[in-house]
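# What follows is a predicted protein model with its sequence.
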Amino acid sequence: MTQESETDSEARLMKRPGGTSVAYNVQTVVDERHKLIVGVEVTNEVSDRTLLTAMARKAKEELGVEELTVLADAGYYTSEAIKSCEEENITAYVPVVDREKQDEEGLFPRSRFRYDGEKDVYVCPRGEELRMVGQTRGTVAEGKKTYLIYGTPACADCPLKSKCTKAAKGRKIKRWEHEEVTDRLRERLGSQPDVMRRRKGMVEHPFGTIKVGMGHERLLMKGKHNVGTEIGLTVLSYNFKRVLSIFGVEALVAMFKSGKTAQQYCCLLYTSDAADERS
């Protein structure tokens with residue numbers, strides 16, 4: 001730990017519009033159709049980068065489904081998180097963020113090198129093929145990553161070398177060993193260009209209702225456990241209002257009398273949706 005608040009030892013200094021404040025990071029997963037909060041977690045992580053898989057997994061368990069599609073903003077992107085989601089049958093849509101060193105000004109950017117998956121080579125702007133010549137390990141926030149290195153001896157006599165690299169041994173391209181995961185993500189985003197605009201309508205609806213409609217703009221409690229309880233009660237109240245709006249008073253009272261759990265309510269909602277779509 002590199003910081004500690006004098007009034008709340010578990011809170012952290014976090015960025016907010018207009019500056020920073022001592023705060024907690026409240027994570028939610030919101031259902032697109034009904035705007036129900038199906039997963040919530042209070043953390044003191046100052047970054048969202050490590051939270052995507054855990055929150056998606058939480059929502060999947062709450063809904064009792066085998067597969068899930070999640071949308072998140074660029075702050076949640078790490079290539080490792082996208083890979084972890086795939087391994088758990090979670091399809092993620094997250095803008096790709098390249099956190100590696102940017103290409104030097106005046107030189108061909110990495111995007112000018114086309115990857116040929118069948119041959120496992122990169123094709124340079126002049127048409128030469130860069131083949132795998134080694135590998136290296138890099139340190140990132142999530143741990144170690146293995147990169148494959150691609151190069152070609154053709155760089156030595158290439159007339160475009162001055163526009164491509166300053167390295168004496170020629171241009172090298174690094175490729176994450178699981179880069180196909182990122183390629184699939186890019187393909188998904190490219191095939192559905194409007195998908196990220198839908199995300200704002202999902203996640204901002206509950207926060208707007210909680211902050212404005214319910215008057216809960218600031219936390220009242222201190223300590224992660226107490227804040228978790230406060231947020232849990234707030235989410236319960238919000239979801240109750242949503243379910244009441246969706247089903248109506250009489251149907252909701254009947255559900256309570258039947259002894260159904262919150263998860264069963266959600267399953268009933270999705271079962272009803274499926275029936276509506278079939279009809």
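Received it, and whenever you're ready, just let me know what you need. This structure is a prediction, so every number in the text was calculated from the model and none was measured. Numbering: from 1, shown residues only.

# From now on I want contacts and neighbour counts done on CA atoms only, so please keep to that.
OK.

# what's across from residue 137 in the sheet?
residue 146 (DSSP bridges).

# Residue 175 is in contact with that one, correct?
No. Residue 137 is beyond contact range of residue 175, at 11.1 Å (criterion: Cα atoms under 8 Å).

# separation between residue 63 and residue 157?
From residue 63 across to residue 157, the span is 60 Å (Cα to Cα, to the nearest Å).

# So the two - more neighbours on which side?
Using other Cα atoms under 10 Å as the criterion, residue 63 and residue 157 rank with residue 63 on top: 21 against 9.

# confidence score at the more buried one?
Looking at residue 63, its pLDDT reads 86.

# One more: residue 2?
69.

# can you check the one 5 residues further on too?
You'll see residue 7 listed with a pLDDT of 89.

# Tell me how far it lies from residue 222.
For residue 7 relative to residue 222 (Cα to Cα), the value is 8 Å.

# higher neighbour count, these two?
Higher neighbour count among residue 7 and residue 222: residue 222, with 17 against 10, using other Cα under 10 Å.

# Does the more buried one belong to a helix, a strand or coil?
Following DSSP: H, G, I helix; E, B strand; the rest coil, we place residue 222 in the coil state.

# For it, which residues are in contact?
residue 8 (Cα atoms under 8 Å, 6 or more residues apart in numbering).

# Tell me where the stretch 101-250 of the chain has helices.
161-164, 179-191, 195-208, 224-247, 249-258 (DSSP state H, counting those that start in this stretch).

# Low-confidence bits of the stretch 101-250 of the chain, can you list those?
Applying pLDDT under 70 to the stretch 101-250 of the chain picks out residues 101-104, 140-143.

# Around residue 109, how many other residues sit close by?
Around residue 109 there are 14 residues (other Cα under 10 Å).

# correction: residue 14
16.

# how about the helix or strand it falls within: buried residues?
Using DSSP states H and E, residue 14 falls within strand 12-16. For strand 12-16, the neighbour count (16 or more other Cα atoms under 10 Å) marks 12-14 as buried.

# which among those residues gets closest to residue 153?
Closest approach to residue 153 among those (Cα to Cα): residue 14, at 48.5 Å.

# The nearest residue to residue 72 once chain neighbours are set aside and residue 259, how far apart?
Using Cα to Cα, 6 or more residues apart in numbering and skipping residues adjacent in sequence, the residue nearest residue 72 is residue 94, 5.2 Å away. Residue 94 sits 38 Å away from residue 259, taking Cα to Cα as the criterion.

# Neighbour count for those two, which is higher?
The neighbour comparison of residue 94 against residue 259 (other Cα under 10 Å) goes to residue 94, with 23 against 9.

# Around the closest residue to residue 242 other than its chain neighbours, how many other residues sit close by?
If the residues on either side of it in the chain are set aside, residue 242 comes closest to residue 36, at 6.7 Å by Cα to Cα, 6+ apart. Residue 36 has 24 neighbouring residues, counting by other Cα under 10 Å.

# And residue 36, its phi and psi?
phi -80, psi 140 (degrees, to the nearest 10).

# what's near enough to touch it?
Residue 36 sits in contact with 30, 206, 239, 242, where contact means Cα under 8 Å, 6+ apart.

# want to throw those residues into a markdown table with distance to residue 125 and neighbour count?
As requested, the contacts of residue 36 are exported to a markdown table (distance: Cα to Cα, whole Å; neighbours: other Cα atoms under 10 Å):
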| residue | distance to residue 125 | neighbour count |
| --- | --- | --- |
| 30 | 44 | 22 |
| 206 | 48 | 21 |
| 239 | 55 | 19 |
| 242 | 55 | 17 |
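
# so which of the residues you listed comes closest to residue 119?
Nearest to residue 119 among these, counting by Cα to Cα, is residue 30 at 41.8 Å.
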